[in-house]
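Colleague: Got a sequence here, can you build the structure:
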Amino acid sequence: MVPISKAAEKARLSCMEIVHLVLGGFLQNIARIGEVEGYAAILVDPVEIRTQKALHLPGISASEAFARLKLPKSTGWGLVHREENPRLEPIVIEGPNLQHRFFRFSEETVAAFASEYTTEIRVANANDVEKKDVVATLKKRGVRPVLGEAEIGLDLYRSAAIPMIEPA
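Modeller: Next up, the predicted model:
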């Protein structure tokens, strides 16, 4: 039995992903050190973590998905909870104890979203230009976002609507 942080290292998971496994009731071998505060007090079996990872953690974490899309977490969650498109469709994982639910994302879903929608910073990175130059070009050419900053915290555009942007 090892602390969550050590198990995360060994299994190549985040501590949060292991906490999801604990809260969802996926793990049988859990212990607590009485005199230690916080999640550092929780001990788990790293072999069981690796087994449960393979069985119950498909795809990638929300943090990884949002990072790949260069979205702030609040924007990513806003896109997850939207009823209509543009929407980021999660894999919903409910634990056997029915007390905890969390989300993961398939690599295909993230890649499809990335190819259909983009942000100013992704356009800037792809074209090796400053974000302010992208914003100026989009404004000059009249390209409007599909969802605006007021709705999800940043402007989201259809990738197909983005004009060619030349480095200065």
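
Colleague: ok, for the residue nearest the centre of the chain, nearest residue in space, not its chain neighbours?
Modeller: With distances taken as Cα atoms, centre = their mean, A62 lies nearest the centre of the chain, 2.3 Å away. Nearest non-adjacent residue to A62, counting by Cβ to Cβ, 6 or more residues apart in numbering: F103, 5.7 Å away. Every residue, glycine included, has its C-beta placed from N, CA and C.

Colleague: what does E64 give?
Modeller: In this structure, E64 finds its nearest non-sequential neighbour in F105, 7.9 Å apart by Cβ to Cβ, 6+ apart.

Colleague: for that neighbour, what are its contacts?
Modeller: By Cβ atoms under 8 Å, 6 or more residues apart in numbering, the residues touching F105 are G59, I60, S61, A62, E64, A65, L88, E89, P90, I91.

Colleague: now the residues you listed as JSON lines including distance to Q52 and secondary structure?
Modeller: As requested, these are exported to JSON lines (distance: Cβ to Cβ, whole Å; DSSP: H, G, I helix; E, B strand; the rest coil):
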{"residue": "G59", "distance to Q52": "15", "secondary structure": "coil"}
{"residue": "I60", "distance to Q52": "16", "secondary structure": "strand"}
{"residue": "S61", "distance to Q52": "15", "secondary structure": "strand"}
{"residue": "A62", "distance to Q52": "18", "secondary structure": "helix"}
{"residue": "E64", "distance to Q52": "18", "secondary structure": "helix"}
{"residue": "A65", "distance to Q52": "20", "secondary structure": "helix"}
{"residue": "L88", "distance to Q52": "25", "secondary structure": "coil"}
{"residue": "E89", "distance to Q52": "24", "secondary structure": "coil"}
{"residue": "P90", "distance to Q52": "19", "secondary structure": "coil"}
{"residue": "I91", "distance to Q52": "15", "secondary structure": "strand"}
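
Colleague: Okay then, goodbye and thanks.
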